[in-house]
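# Pasting the sequence and the predicted coordinates here, then a few questions.
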Amino acid sequence: MLTPPDPAHRLPRGLLGGDALPLYAQVATRLWADISADGAKADDRLPSERVLAARYGVSRVTMRAALTDLAARGMVESAAARGWFVRQSTGFPLGGDADTPEVPGSGARSVEGFADYAAKHGLATHSRILQSAVRPATVGEAETLRVGPGTAVFEMRRLRFLDGQVVVVEHNRLPLALCPALATTDFTQASLFGTLRSADPPQLPRVADYSVEARQPDATERELLEISDATPVLLAHQLAFNQDGRPLELTLAIYRGDRYRFRASISS
């Protein structure tokens with residue numbers, strides 16, 4: 001039922017780049033993509049944890065964490081003494097029915113961009129581009145975005161404002177082939193997600209893996225985010241997937257802690 005992954009795409013042990021997802025989350029993403037590609041149906045049985053761990057080149061502990069992550073999303077379930085089973089038919093990306101993180105205060109249940117949030121709330125937004133280039137993907141980026149090492153990626157760093165107030169420094173990386181217009185768009189005003197939706201074929205951000213952590217800003221972040229006191233920053237790591245379950249956008253966003261709110265719904 002589950003086709004073994006191409007050895008070139010196995011996840012190396014300990015692949016935890018500076019802003020990559022945890023290894024178990026990378027495994028969960030790859031596993032669900034492979035299950036979906038094979039057209040699995042509800043109640044189909046998965047190979048054993050031992051077999052899956054060997055196929056993906058990780059420990060059984062990591063594989064069990066990945067399966068537990070999928071179970072929490074309602075994608076698979078464990079039956080005592082019988083193993084793991086697909087809980088619902090595939091054909092949607094990882095986490096398709098799960099709540100996804102929102103930009104400050106939005107309450108959205110889909111992947112919503114910064115400009116989408118601003119438009120919904122009648123806020124003016126603009127960006128200052130710090131860096132914009134097309135370059136070869138690193139090995140870590142290639143693993144996360146599921147492209148070959150050296151594949152062209154669009155990279156952008158920008159400082160983003162709401163109603164004239166600086167809110168976040170963003171670092172975006174996307175496979176250029178999915179939307180070549182990225183390389184020629186002026187993102188001082190244009191929406192990244194809006195540009196993706198206008199691609200041919202459209203690239204629709206459907207779901208995202210998201211994590212947030214707090215720390216003190218470094219000197220550069222203090223300057224860019226206009227922090228002069230003890231205000232912390234919140235680092236938001238996001239990997240967004242398109243309508244086909246393909247990785248679309250890898251982003252590290254560094255928010256001023258006093259200008260960001262994270263809300264999510266959690267269910268068992």
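Thanks, I have the structure now. Numbers count the residues shown, from 1 in each chain.

# which residues of this structure score low on pLDDT?
1-21, 88-111, 264-268 (pLDDT under 70).

# what about the residue lying farthest from the centre of the chain, which SS state?
Distance from the centre of the chain peaks at Ala81, with 33.5 Å (Cα atoms, centre = their mean). With DSSP: H, G, I helix; E, B strand; the rest coil as the basis, Ala81 sits in coil.

# for the one 3 residues further on, same thing?
Classification of Trp84 by three-state DSSP places it in strand.

# Ser228: neighbouring residues, count only.
Neighbour count for Ser228, taken as other Cβ atoms under 10 Å: 8. From N, CA and C alone the C-beta is placed, and that goes for glycine too.

# Following the chain onward from the one helix or strand Gln131 maps to, which element is next?
For Gln131, the element it lies in under DSSP states H and E is strand 125-136. Remark: after strand 125-136, the chain's next helix or strand is helix 139-145, criterion DSSP H and E.

# Just name whatever secondary elements that following helix is in contact with.
Identification of packing neighbours for helix 139-145 by 3 or more Cβ pairs under 8 Å, 6 or more residues apart in numbering; DSSP states H and E yields strand 165-175, strand 247-256.

# The host helix or strand of Ala236 vs strand 165-175, what angle?
Using DSSP H and E, Ala236 sits within strand 233-241. Interaxial angle of strand 233-241 relative to strand 165-175 (axes from the mean of the first three to the mean of the last three Cα atoms, to 10 degrees): 30 degrees.

# which secondary structure elements does the strand holding Gln131 contact?
Using 3+ Cβ pairs under 8 Å, 6+ apart, strand 125-136 sits against helix 114-120, strand 152-162.

# Any buried residues in stretch 67-86, and which?
Within stretch 67-86, the residues that count as buried by 16 or more other Cβ atoms under 10 Å are 67, 69-70, 73, 75-76, 78, 84, 86.

# quick one on the thing from earlier: between the helices and strands packed on helix 139-145, which one is closest to Pro201.
Closest approach to Pro201 among these is made by strand 247-256 (12.3 Å; Cβ to Cβ).

# and the angle from the closest one to strand 165-175?
Using the same axes, to 10 degrees: strand 247-256 against strand 165-175 is 160 degrees.
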